[in-house]
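Novice: here is my input, please return the structure:
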Amino acid sequence: MNEYMLFLWIALFVLFLIAEAITAQLTTIWFACGALVAAILKIAGIDSIAIQVIAFTVVSVVVLVATRPLVKKVINKKKIATNADRNIGCECVVTETIDNLAATGAVKLNGNIWTARSNDNQVIQAGETVVTEKIDGVKIIVSKK
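Specialist: Below you'll find the model as predicted:
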């Protein structure tokens, strides 16, 4: 088994890189780094499988912990704010009874009619005033005032 460990680490390294390329979400790059370090240890003559596995685990965890906050910060920057975001927290009037189960409901907000849904599945009658909680696609999610 020990003579095949270099091939195993290289195969894992390649598989993690392929998975990373397919997902493009930075999900396996840390494990690829760990597999690379384990392969380097094997090449350097450290034949202990236990040491290689420990090095793989430690390097993967350290790289994950060190880079994950930075990666999340960069990935979250991709959110594109729209003018619709300024409507969150605004009051609007229900123009069509909001019933999530029946998939009906509309509100008038700043002169525009929006499809609306209740954030807590309550039925909200036409004419009531509600507050916008969030925007989900082309629907406004509202709650009773």
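Novice: CA only for contacts and neighbour counts going forward, please
Specialist: Will do.
Novice: the chain: strands as residue ranges?
Specialist: Along the chain, the segments classed as strands by DSSP state E run 91-99, 104-109, 112-118, 129-136, 139-144.
Novice: tell me which of these sits nearest to residue 73.
Specialist: Closest to residue 73 of the strands of the chain, according to C-alpha to C-alpha: strand 129-136, at 21.8 Å.
Novice: and the contacts of that closest one?
Specialist: Contacts to strand 129-136, defined as C-alpha atoms under 8 Å, 6 or more residues apart in numbering, come from residues 84-85, 87-94, 119, 140-145.
Novice: distance from the chain centre to it, please.
Specialist: 23 Å (C-alpha atoms, centre = their mean, to the nearest Å).
Novice: re earlier: just the buried ones from the contacts of strand 129-136?
Specialist: Among those, those scoring as buried are 87, 91, 92, 93, 94, 140, 141, 142, 143 (criterion: 16 or more other C-alpha atoms under 10 Å).
Novice: list just the nearest of those to residue 51.
Specialist: Nearest member of the buried ones among the contacts of strand 129-136 to residue 51, counting by C-alpha to C-alpha, is residue 141, at 53.4 Å.
Novice: make JSON lines from the strands of the chain and add mean pLDDT and distance to residue 51 to it.
Specialist: Below are the strands of the chain laid out as JSON lines (pLDDT from 0 to 100; distance: least, C-alpha to C-alpha, whole Å):
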{"stretch": "strand 91-99", "mean pLDDT": "94", "distance to residue 51": "60"}
{"stretch": "strand 104-109", "mean pLDDT": "94", "distance to residue 51": "61"}
{"stretch": "strand 112-118", "mean pLDDT": "93", "distance to residue 51": "56"}
{"stretch": "strand 129-136", "mean pLDDT": "91", "distance to residue 51": "49"}
{"stretch": "strand 139-144", "mean pLDDT": "92", "distance to residue 51": "53"}
